[in-house]
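Novice: this is the structure alone, sequence omitted:
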């Protein structure tokens, strides 16, 4: 009996139940990563990739002919760069058409404005709409008002976005852009305008999307640049009633069949483990999507190309994913996570680039705490690029974040968001705003971290999956 109990206990605590020790990166691996980092600082594959995307494709909103052109371009480009298993993966996406938009102050002092329609908003009647302006700062302030105060008005959200190195200023400013028109509509307003979620001081408003989870939106929503919002505030400060006239032809077209684009750099692991690096292929239509997210695609593609040339060769494969429709629903990210669910246990890490190509300053991760020493050793190789540890709370980005929610560890190379939000979602997001030196530094940082992730024998564990 005693022998039986001992045997049972022995089976209950087997070596398989004890976590394997986390193996550190070797001195040789860290040196190989330094060599790759330095090579990236003189490599222009990413810069030429981005020049080609912005000049040969240009604007590429989800569902548009421009996006179809982007898919064909991306497939050809990845094949030309020597990627393996290049293919498109089917995604259905919504298709909103911007049309034209006009706005003007009718009284007390008539002035034309330069608005841009917000994605997902409907057209006005053919004659336009007119209403008195109701100025508020937050959604909470609007909801607290008696409905009679809102009914028939054009709501103006006046909050100015704060310029910060991280994206916290944007996170605070973007709420009215996502739900402002819906909230105004629900309270009986006839329209909504907002100071745009951007920090630039030119007269080029930043667009963005209203959320699509509240049914059919009935009122137009528009963004105003900071100069035009200042003008409107000055007229309101007079104490006299201010009236606006809005006119728009924005509308929804039919959803369409399009695609994510995928390519790979093969690894040597017979178990076929891999990392995912990605960005989004779509852009808004006002500029050419140079920083948002052409630069992200350039960074992940050039990084993977450099890893393919590294010695030793990557142990794990590097899978590059260009996601569809990040800007307006994350359809590509959701489709990828759903289709590839069964192979996610072999996905060791996810990385995304979607904050432009400005100065990189931080490495942020989301890994089990036991793996933080491994991350710290990776950080040591990119510290000469001006990168510091930025914590263990990374979200993974809008697209790769869908993998994090399924247990895949993630890392992010944080870049300076202050100049990024001067440009993004506006007509100013064009190739001439790309600094080739900063782009190379981003690629050097991203490629170094991704390469070390392909070599790290222990991987990075798994994240806890939060149940709904």
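Specialist: Great, that's in hand. Quick caveat: nothing in here was measured; it's all calculated off a predicted structure.

Novice: surely residue 247 touches residue 113?
Specialist: No. The criterion here is CB atoms under 8 Å, and residue 247 misses it with residue 113 at 11.2 Å. Just so you know, the C-beta spots here come from the backbone N, C-alpha and C atoms, and that holds for glycine as well.

Novice: if you count what's nearby, which of those two comes out ahead?
Specialist: Taking neighbours as other CB atoms under 10 Å, residue 247 and residue 113 compare with residue 113 leading, 23 against 20.

Novice: not counting sequence-adjacent ones, nearest residue to the more buried one?
Specialist: With sequence-adjacent residues excluded and distances taken as CB to CB, 6 or more residues apart in numbering, residue 113 is closest to residue 103, at 4.3 Å.

Novice: intersection of neighbour lists for residue 247 and residue 113?
Specialist: Shared contacts of residue 247 and residue 113 (CB atoms under 8 Å, 6 or more residues apart in numbering): residue 103.

Novice: ok, now which ones touch residue 196?
Specialist: 116, 161, 177, 205, 206, 207, 223, 224, 225, 226, 229.

Novice: for it, give its distance to residue 208.
Specialist: Using CB to CB, to the nearest Å, one gets 8 Å for the distance from residue 196 to residue 208.

Novice: what touches both of the two?
Specialist: Joint contacts of residue 196 and residue 208 (CB under 8 Å, 6+ apart) are 177, 223.

Novice: got any ranges where the stretch 251-400 of the chain has weak pLDDT?
Specialist: Along the stretch 251-400 of the chain, no part satisfies pLDDT under 70.

Novice: tell me the domain ranges of the protein?
Specialist: As assigned by automatic domain parsing, the chain contains the domains 23-92+255-455, 101-250.

Novice: which helix or strand contains residue 124?
Specialist: Under DSSP states H and E, no helix or strand contains residue 124.

Novice: wait, it touches residue 246, no?
Specialist: Yes. Residue 124 is in contact with residue 246 according to CB under 8 Å; the separation is 5.8 Å.

Novice: residues in contact with the residue lying closest to residue 391 once chain neighbours are set aside?
Specialist: Sequence neighbours aside, residue 364 is the residue nearest to residue 391 in space, at 5.5 Å (criterion: CB to CB, 6+ apart). Residue 364 is in contact with 389, 390, 391, 392, 393, 394, 411, 412, 414, counting by CB under 8 Å, 6+ apart.

Novice: middle-most residue in the chain, spatially?
Specialist: Centroid-nearest residue in the chain, with CA atoms, centre = their mean: residue 354, separated by 4.4 Å.

Novice: follow-up on the earlier one: filter the contacts of residue 196 to the buried ones?
Specialist: 116, 161, 177, 205, 206, 207, 223, 224, 225, 226, 229 (16 or more other CB atoms under 10 Å).

Novice: can you put the residues you listed in TSV and add distance to residue 459, secondary structure and pLDDT?
Specialist: Formatted as TSV, the buried ones among the contacts of residue 196 follow (distance: CB to CB, whole Å; DSSP: H, G, I helix; E, B strand; the rest coil; pLDDT from 0 to 100):
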residue	distance to residue 459	secondary structure	pLDDT
116	45	strand	98
161	39	coil	97
177	38	helix	93
205	45	coil	98
206	39	coil	98
207	40	coil	97
223	43	strand	98
224	48	strand	98
225	47	coil	98
226	46	helix	98
229	49	helix	98
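
Novice: buried residues in stretch 345-365?
Specialist: Within stretch 345-365, the residues that qualify as buried are 347-365, counting by 16+ other CB under 10 Å.

Novice: again with stretch 401-411
Specialist: Buried residues in stretch 401-411, defined by neighbour count with 16+ other CB under 10 Å: 401, 402, 403, 404, 406, 408, 409, 410, 411.

Novice: from those, which land in strands?
Specialist: 410, 411 (DSSP state E).

Novice: ok, the contacts of residue 196 vs residue 39, which is closest?
Specialist: For these, the minimum distance to residue 39 (CB to CB) is 36.2 Å, reached by residue 206.

Novice: and that closest one, how far from residue 249?
Specialist: The spacing between residue 206 and residue 249, counted by CB to CB, is 20 Å.

Novice: who are the contact partners of the residue nearest to residue 95 when sequence neighbours are not counted?
Specialist: Using CB to CB, 6+ apart and skipping residues adjacent in sequence, the residue nearest residue 95 is residue 63, 2.7 Å away. The contact partners of residue 63, by CB under 8 Å, 6+ apart, come to 93, 94, 95, 96, 253, 255, 256, 258, 325.

Novice: quick one, which of the residues you listed are buried?
Specialist: Applying 16+ other CB under 10 Å to the contacts of residue 63, the neighbour count classes 93, 94, 95, 96, 256, 258, 325 as buried.

Novice: just curious, which of those residues is nearest to residue 171?
Specialist: For these, the nearest to residue 171 is residue 325 (20.7 Å; CB to CB).

Novice: and that closest one, how far is that from residue 299?
Specialist: Separation of residue 325 from residue 299 (CB to CB) stands at 20 Å.

Novice: same check on residue 36?
Specialist: Distance from residue 36 to residue 299, by CB to CB: 14 Å.

Novice: the two: who's more crowded?
Specialist: Set residue 36 next to residue 299 and count neighbours by other CB under 10 Å: residue 299 wins out with 34 against 23.

Novice: over to the more buried one. Which of the three states is it?
Specialist: Recorded secondary structure, residue 299: helix (DSSP: H, G, I helix; E, B strand; the rest coil).

Novice: now it: how far from residue 66?
Specialist: Counting by CB to CB, the separation of residue 299 from residue 66 is 21 Å.

Novice: got a list of what the closest residue to residue 359 other than its chain neighbours touches?
Specialist: Spatially, and ignoring its direct neighbours in sequence, residue 359 is nearest to residue 416 (4.5 Å; CB to CB, 6+ apart). Counting by CB under 8 Å, 6+ apart, residue 416 makes contact with 165, 358, 359, 360, 361.

Novice: just the ones of those in strands?
Specialist: The strands, defined by DSSP E, take in 360, 361 from the contacts of residue 416.

Novice: which of the contacts of residue 416 lies closest to residue 29?
Specialist: Nearest to residue 29 among the contacts of residue 416: residue 360, at 21.5 Å, using CB to CB.

Novice: beta partners of that closest one?
Specialist: Beta bridges link residue 360 to residue 415 when assigned by DSSP bridges.
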